[in-house]
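**Student:** Just to be clear, the model below is a prediction. Sequence and coordinates:
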Amino acid sequence: MPLLEVEGLDVRFALRQGEVQALRDVSFSLERGERLGIVGESGAGKSVAAFALLNLISRPGYIHAGSIRFDNEELTRYSERQWRRARGNRISMIFQDPMMTLNPVLTIGAQMIECLRAHRRISTSEARKLSLARLRQVQIPSPEQRLDQYPHELSGGMRQRIVIAIALLLDPDLIVADEPTTALDVTIQAEIMALLLELCERHNVGLILITHDLGVVSQVTQRMLVMYAGRVIESGPTREIINDPQHPYTQGLINALPQMTPPGQRLNQIRGSMPSLAHIPSGCAFHPRCDFAQLPDGSPRPGCQAQVPPFVDSGNCRVACHMVRQMQQLDLEEATP
Ligand code: SF4
Ligand code: MG
């Protein structure tokens, strides 16, 4: 049984101008200790998906439909009290900004001890000892001294190490990390990612890594989802998707990587931009930006503007694209005499 099973997740925001759908029919699962990447440009719905997993969607947003099963319990039916027990304890979250986690007016030690004592019956000195052990694991120089420091006395990289230590403090089964290194210097980004990967592996903690950085996804995760305009448009083993993307949007993301561009040339950016959730194009939401929405003779490809593409299996991956489906049908017709 998977550790996490998300089915048909639909998140909406009730705005004065009307309701916008931030997530549509999002489904995926995660095995214990598995690492899953969620990628897409900003506005694709990645963070909404992360927040929904931890019940952090606040008004006017709400989960309209769908189920989130975690270790065989339905999280969408959890009370606030059950959530307080689960959050940080069984599922923890790492945000882009460490100050979303850290309290500026408490020392690092005080917040770690408070966090431990809120969930475990242990003495302050035991909690301090455990906190120190965690700080050592995240390779913080002079950990004893850090316990008595305030967040603002530390560098951004050090703060994010502490956030990782706090995320692991209560031995969670799952960490959801939303752009955990985006705010850091490039060299520090790599160190922090390597640390997170190592700790998740060592403690068999599942990781959902939300990022726009395909390089990081390919290094850290085993499976990935690509999101566009609130939907999953491609999912499967990370290596297969990176090596052989099927969906035109995924192909565009990979072609836009700096390493795919010869030196001195402009990056192959996907033309246009992510639609706003209030104005999602009909049919395949990607069609205004897609080079394949037209057939070679210039006529529109059937379905692209009118029908939401259904998922089709392609090897070990699933892809929502009319062209992929039509090509598969052609292959099938050719193969049957
Ligand atoms: Fe492009 Fe059509 Fe596929 Fe959408 S369904 S990605 S518009 S070919
Ligand atoms: Mg985001």
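**Tutor:** Yes, it's here. Ligands and ions are numbered 1, 2, ... in the order given.
**Student:** Going by C-alpha atoms from here, please, whenever you check contacts or count neighbours.
**Tutor:** Noted.
**Student:** What is the neighbour count of residue 8?
**Tutor:** By the criterion of other CA atoms under 10 Å, residue 8 has 15 neighbours.
**Student:** So in that sheet, which strands flank whatever helix or strand it lives in, and in what orientation?
**Tutor:** Applying DSSP states H and E as the criterion places residue 8 in strand 4-15. The pairing partners recorded for strand 4-15 under DSSP bridges are strand 18-30 (antiparallel), strand 61-70 (antiparallel).
**Student:** what's near enough to touch residue 283?
**Tutor:** 303-309 (CA atoms under 8 Å, 6 or more residues apart in numbering).
**Student:** May I see the ChimeraX selection of the buried members of these?
**Tutor:** Here is the ChimeraX selection string for the buried members of the contacts of residue 283, based on 16 or more other CA atoms under 10 Å:
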select :303,304,305,309
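**Student:** Cross-check the contacts of residue 283 against ligand 1 and keep the overlap.
**Tutor:** Contacts with ligand 1 within these, as defined by CA under 6 Å from any ligand atom: 304, 309.
**Student:** Next one: residue 266 from ligand 1, what distance?
**Tutor:** Residue 266 sits at a distance of 23 Å from ligand 1 (criterion: CA to the nearest ligand atom, to the nearest Å).
**Student:** A strand includes that residue, no?
**Tutor:** No. Under DSSP: H, G, I helix; E, B strand; the rest coil, residue 266 falls outside any strand and is assigned coil.
**Student:** What's the local residue count around it?
**Tutor:** Neighbours of residue 266 using other CA under 10 Å come to 10.
**Student:** Repeat that for residue 163.
**Tutor:** 26.
**Student:** Name the nearest residue to whichever residue of the stretch 1-150 of the chain sits closest to ligand 1, sequence neighbours excluded.
**Tutor:** Across the stretch 1-150 of the chain, the shortest distance to ligand 1 (CA to the nearest ligand atom) belongs to residue 40, at 14.0 Å. In space, and not counting its chain neighbours, residue 40 is closest to residue 227: 5.2 Å by CA to CA, 6 or more residues apart in numbering.
**Student:** so what's that neighbour up against?
**Tutor:** Going by CA under 8 Å, 6+ apart, residue 227 touches 38-40, 44-46, 233-234.
**Student:** Over to it. Which of the three states is it?
**Tutor:** Following three-state DSSP, we place residue 227 in the strand state.
**Student:** what are the ranges of the strands in the stretch 151-300 of the chain?
**Tutor:** For the stretch 151-300 of the chain, applying DSSP state E, counting those that start in this stretch gives strands covering 174-178, 206-210, 223-228, 231-237.
**Student:** Need the phi and psi values for the residue nearest to residue 177 when sequence neighbours are not counted.
**Tutor:** Closest residue to residue 177 apart from its sequence neighbours, by CA to CA, 6+ apart: residue 94 at 4.5 Å. Backbone torsions for residue 94, taken as degrees, to the nearest 10, come to phi -120, psi 120.
**Student:** Report whether stretch 245-264 contacts ligand 1.
**Tutor:** Yes. Using CA under 6 Å from any ligand atom, stretch 245-264 reaches ligand 1 at 247-248.
**Student:** Contacts for that stretch next, please.
**Tutor:** Against stretch 245-264 from outside (CA under 8 Å, 6+ apart): 40, 214, 226, 233-234, 242, 267-270, 286, 290-292, 319-321, 324.
**Student:** same thing but at 6 Å, please
**Tutor:** With contact meaning CA atoms under 6 Å, 6 or more residues apart in numbering, stretch 245-264 is reached by 267-270.
**Student:** Please state the mean pLDDT value computed over that stretch.
**Tutor:** Averaged over stretch 245-264, pLDDT sits at 90.
**Student:** can you pull the buried residues of it?
**Tutor:** Buried residues in stretch 245-264, counted by 16+ other CA under 10 Å: 245-256.
**Student:** residues from this protein in reach of ligand 1?
**Tutor:** With CA under 6 Å from any ligand atom as the criterion, the chain meets ligand 1 at residues 247-248, 284, 286-287, 290, 292-293, 304, 309, 321-323.
**Student:** just to revisit the earlier point, who's the residue nearest to residue 40 bridged to?
**Tutor:** Under the criterion used (DSSP bridges), residue 227 bridges to residue 232.
**Student:** could you check the distance from it over to residue 66?
**Tutor:** 17 Å (CA to CA, to the nearest Å).
**Student:** and if you look at residue 29?
**Tutor:** Distance from residue 29 to residue 66, counting by CA to CA: 13 Å.
**Student:** re the thing from before, could you flag which of the contacts of residue 227 are buried?
**Tutor:** Among the contacts of residue 227, those classed as buried by 16+ other CA under 10 Å are 38-40, 44-46, 233-234.
**Student:** Closest one of the residues you listed to residue 275?
**Tutor:** Taking CA to CA as the measure, residue 44 is the one of the buried ones among the contacts of residue 227 closest to residue 275, at 8.8 Å.
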